[in-house]
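J.: Coordinates for the following, if possible.
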Amino acid sequence: MLLRLVSRTSDLHPSHHLSFQSHLQSHRIRSDLRSNRYKRYHSKIHPKMEATNTQIEIIDPSQITLTPKEQEVIQLLRNVVEQTNCGSTLRIAGGWVRDKLLGKDNDDIDIAIDNMVGKQFADLVQKYQIENGMKGETIGVIQSNPEQSKHLETATMKICGVWIDLVNLRTEDYTDTRRPTVSTGSPLEDCLRRDLTINSLFYNINTHQVEDLSGKGISDLRDGIIRTPLTPLTTFLDDPLRVLRAIRFAGRFGFSMDPELMEAAQHPQTKDALLKKVSRERFGAELKGMFRGKVFQSFSLIEKFGLAPIIFKLPPNAEPAVEDSSEQRMSTMKTAFELLDVQKLVEISPEVREFILFAAYLSPLGTTTFPNAKKRPESVVRFIILESVKLSLNDADNIFKLIQSAEQFSKAIPAALDTFSRREIGFLIREVGPLWKESVLLASAIHISKMKDSNLKVEDLHFDAERFIKKCLEENLDEIYSTKPLLNGNDLMSLFQAPAGHWLSHAMHEEMGWMLEHPDATVQECRDWMISQKEKLAPKQSENPAKKSRK
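T.: Below you'll find the model as predicted:
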């Protein structure tokens, strides 16, 4: 039986559009490929994968269907080669070929050139455009940036309205860093330097044929296997970021991993290389990509390979002392993942979904702090997000807020279901803000993960949280966090004939409490009530900040 693989995510690297951003997939091999290493590769016997009863349906490589725009681009490139007599063989590389075989569109087209650098061929394209009455498109040159896995200068330009990246075939020689020495390579060398066999396929524009020079790319795609073109340990030591890329693609497509790759991912040398060679920013970029796939599978592999302490590095002197919470982290994340799939009340954007899942994973550390440089307690969760994986301040604020708010709701929900206080719950929602429903879902996931019976489903255990959200919606509390007081500060100062002072914030708090208890009240009714409370709320004479005369 054939199963069609349906990916619910897009690739980690989006198209660059107008920004001249490169999305080349830069993966490495040692320069001794030029000798006999690739021969040893072809004769190497890979460990046998576990047998499966299903295969992934892929397009016949000889039957790849091009969109009209892709046909237009490819025809123009062929015309450039023919008209200029440059003798180039052009190949589309990497993710575009993989996705075409999976029956998916991919507008990220990278062209690999065999006999010149990308800028030289881009000049030929521009000249062809001008000579044939077209607009000569601007050529962008993206310099190498090893920190972003770009090890070779790349040319990028619009061809038939589509952004295209142009770069020469290459081979890479690594020493003791992730920054290789790059030189022109053969198609086989370029293929074998890449991270995974499924990403090492070429589409030869000259012959209109898919080229699987590793000999494993098409079969691994069909069988759902994540495998490196060369020996995994060598591949990972060359560039340890490939470990995280392998995990990300396994999660993105739901593929299994080659046993030898799994063994190499757990090797002490691989872990040491991850610590020494990969920047925290790259950890974060790969992590964000994992959240757009089957994130639980990806994080399970991170935990299985023992990579969590490396990726989510803890600060020193955490209080209370952090114990191994791997099982609890994964249980909470799994429950949250299942809950988000079955719940129907809350419409959640992809970005907020990432927040909830990461918050679920980090929730066991929610109350853990460490002394910062000023000896003040600081959240370990915020440290992990901002320092260990270098995500944004917005990410840290939202994820930490979700964890804090989930704790508040976990205490409030049981009492609210017994006796619902619109005032108390309204104030809580105002404090939490727009993510209050998501915080309730996280609170439910944390609770369920601690008590779930194997015979019960998540949707059954989620009943209390669902009832709570429905009650809040019935009480029109959905957006109460944005409700403004009927009487503002100036109104109250005028009403009580008193200047601003500490009394004002208390009075406005009481006003909002009264509004929560009287949701249909008018401004006049609110004014009348405030006057009736003047004795309690207005400042005493001694509180008036009358100016004292200077001596």
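J.: Just name the shakiest helix or strand of the protein by mean pLDDT.
T.: strand 2-3 (a mean of 30; mean pLDDT, DSSP states H and E).
J.: contact partners of the helix or strand hosting Gln75?
T.: Using DSSP states H and E, Gln75 sits within helix 68-84. With Cβ atoms under 8 Å, 6 or more residues apart in numbering as the test, helix 68-84 has contacts from 66, 86-88, 90, 109, 111, 121, 124-125, 127-128, 159-162, 164, 205-206. In short, each C-beta sits where N, CA and C put it, glycine included.
J.: ok, now stretch 256-274?
T.: Applying Cβ under 8 Å, 6+ apart, the external contacts of stretch 256-274 come out as 46-47, 49-50, 52, 224-228, 231-233, 235-237, 240, 243, 246-247, 250, 301, 304-307, 310-311.
J.: which ones among the residues you listed are found in strands?
T.: When DSSP state E defines the strands, the subset of these inside them is 225-226.
J.: so where's the stretch 451-551 of the chain shaky on pLDDT?
T.: Scanning the stretch 451-551 of the chain with the threshold set as pLDDT under 70 gives 452-455, 541-551.
J.: now the helices: where do they sit in it?
T.: In the stretch 451-551 of the chain, the helices defined using DSSP state H, counting those that start in this stretch lie at 458-461, 463-474, 489-496, 502-517, 523-532, 534-537.
J.: what's the helix of greatest length in the chain packed up against?
T.: For the chain, the helix reaching the highest residue count under DSSP state H is reported as helix 393-418. If you count contacts as 3 or more Cβ pairs under 8 Å, 6 or more residues apart in numbering; DSSP states H and E, helix 393-418 packs onto helix 350-362, helix 380-383, helix 422-432, helix 436-451, helix 463-474.
J.: now those helices as TSV including mean neighbour count?
T.: Supplementary listing: those in TSV, determined by neighbours: other Cβ atoms under 10 Å:
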stretch	mean neighbour count
helix 350-362	22
helix 380-383	22
helix 422-432	19
helix 436-451	24
helix 463-474	16
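J.: can you redo these as JSON lines with distance to Arg98?
T.: Output for the helices and strands packed on helix 393-418, formatted as JSON lines (distance: least, Cβ to Cβ, whole Å):
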{"stretch": "helix 350-362", "distance to Arg98": "22"}
{"stretch": "helix 380-383", "distance to Arg98": "36"}
{"stretch": "helix 422-432", "distance to Arg98": "42"}
{"stretch": "helix 436-451", "distance to Arg98": "34"}
{"stretch": "helix 463-474", "distance to Arg98": "40"}
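J.: Out of the helices of the stretch 451-551 of the chain, the one nearest Met290 is which?
T.: helix 458-461 (21.7 Å; Cβ to Cβ).
J.: What is the distance between the closest one and the centre of its chain?
T.: Offset of helix 458-461 from its chain centre (Cα atoms, centre = their mean, to the nearest Å): 27 Å.
J.: In terms of secondary structure, what does that helix contact?
T.: Packing partners of helix 458-461 (3+ Cβ pairs under 8 Å, 6+ apart): helix 326-342, helix 436-451.
J.: ok, now with 7 Å
T.: The contact analysis (3 or more Cβ pairs under 7 Å, 6 or more residues apart in numbering; DSSP states H and E) places helix 458-461 against helix 326-342.
J.: Name the surrounding residues that touch the helix it packs on.
T.: Residues outside helix 326-342 that contact it (Cβ atoms under 7 Å, 6 or more residues apart in numbering) are 295-296, 299-300, 303, 308, 348, 353, 356-357, 360-361, 363-364, 441-442, 444-446, 448-449, 452, 458-459, 462.
J.: Can you list the low-confidence ranges for the chain?
T.: Residues of the chain that meet the cut-off, pLDDT under 70, sit at 1-54, 143-152, 173-182, 452-455, 541-551.
J.: if I look at the residue nearest the centre of it, how far off is Ser388?
T.: Compute the mean C-alpha point of the chain, and by Cα atoms, centre = their mean the closest residue is Lys288, 1.8 Å away. The gap separating Lys288 from Ser388 is 14 Å, by Cβ to Cβ, to the nearest Å.
J.: One more: Arg222?
T.: As judged by Cβ to Cβ, Arg222 and Ser388 stand 37 Å apart.
J.: With neighbour numbers in mind, choose between the two.
T.: Counted by other Cβ atoms under 10 Å, Arg222 and Ser388 do not tie: Ser388 has more neighbours, with 20 against 17.
J.: Touching, that one and Pro309? I think so.
T.: No. The criterion here is Cβ atoms under 7 Å, and Ser388 misses it with Pro309 at 10.0 Å.
J.: circling back to that earlier point, out of the contacts of helix 68-84, list just those in helices.
T.: Residues of the contacts of helix 68-84 located in helices (DSSP H): 121, 124-125, 127-128.
J.: could the residues you listed go into a markdown table alongside neighbour count and distance to Leu339?
T.: What follows is the ones in helices among the contacts of helix 68-84, written out as a markdown table (neighbours: other Cβ atoms under 10 Å; distance: Cβ to Cβ, whole Å):
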| residue | neighbour count | distance to Leu339 |
| --- | --- | --- |
| Phe121 | 25 | 51 |
| Leu124 | 18 | 55 |
| Val125 | 25 | 51 |
| Lys127 | 14 | 58 |
| Tyr128 | 20 | 55 |
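J.: will you turn those into TSV that also has distance to Glu407?
T.: Below are the ones in helices among the contacts of helix 68-84 laid out as TSV (distance: Cβ to Cβ, whole Å):
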residue	distance to Glu407
Phe121	58
Leu124	62
Val125	58
Lys127	64
Tyr128	63
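J.: Tell me the one of the residues you listed nearest Leu417?
T.: Val125 (66.5 Å).
J.: Phi first, then psi, for Leu166.
T.: Dihedral pair for Leu166: phi -130, psi 130, per degrees, to the nearest 10.
J.: Is it in contact with Glu153, as I believe?
T.: No. The criterion here is Cβ under 7 Å, and Leu166 misses it with Glu153 at 10.2 Å.
J.: okay, those two: which has more neighbours?
T.: Applying other Cβ under 10 Å to Leu166 and Glu153 shows that Leu166 carries more neighbours, namely 27 against 17.
J.: That one pairs with what?
T.: Leu166 has the following beta-bridge partners by DSSP bridges: Ile111, Ala155.
J.: From Ala321, how far off is it?
T.: Leu166 sits 54 Å away from Ala321, going by Cβ to Cβ.
J.: what do you get for Ser532?
T.: Remark: distance between Ser532 and Ala321 (Cβ to Cβ) = 54 Å.
J.: One more: Lys334?
T.: In this view, Lys334 and Ala321 are 25 Å apart by Cβ to Cβ.
J.: If you count surrounding residues, which of these two has more?
T.: Neighbour count, other Cβ under 10 Å: between Lys334 and Ala321, Lys334 has more, with 20 against 7.
J.: Write the ChimeraX selection for whichever of the contacts of stretch 256-274 are buried.
T.: Of these, the buried ones go into a single ChimeraX selection, burial set by 16 or more other Cβ atoms under 10 Å:
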select :46,224,225,226,227,228,231,232,233,235,236,237,240,243,246,247,250,301,304,305,307,310,311
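J.: Mind checking the helices and strands packed on helix 393-418 for the one nearest to Glu510?
T.: Within these, the stretch nearest Glu510 is helix 422-432; the backing value is 10.4 Å (Cβ to Cβ).
J.: The closest one relative to helix 502-517, how many degrees between them?
T.: Helix 422-432 and helix 502-517 are oriented at 120 degrees to each other (axes from the mean of the first three to the mean of the last three Cα atoms, to 10 degrees).
J.: which helices and strands sit right next to helix 422-432?
T.: Checking 3+ Cβ pairs under 7 Å, 6+ apart, helix 422-432 ends up next to helix 393-418, helix 502-517.
J.: May I have that helix exported as CSV, CA atoms only?
T.: Extracted in CSV, the C-alpha atoms of helix 422-432 (Å, rounded to 0.1, in the frame of the first residue of the first chain):
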residue,chain,number,x,y,z
ARG,A,422,-16.8,37.7,36.8
ARG,A,423,-14.8,40.2,38.7
GLU,A,424,-12.0,37.9,39.7
ILE,A,425,-11.7,36.1,36.3
GLY,A,426,-12.0,39.4,34.5
PHE,A,427,-9.1,40.9,36.4
LEU,A,428,-7.0,37.7,35.7
ILE,A,429,-7.7,37.9,32.0
ARG,A,430,-6.9,41.6,32.0
GLU,A,431,-3.6,40.8,33.7
VAL,A,432,-2.7,38.0,31.2
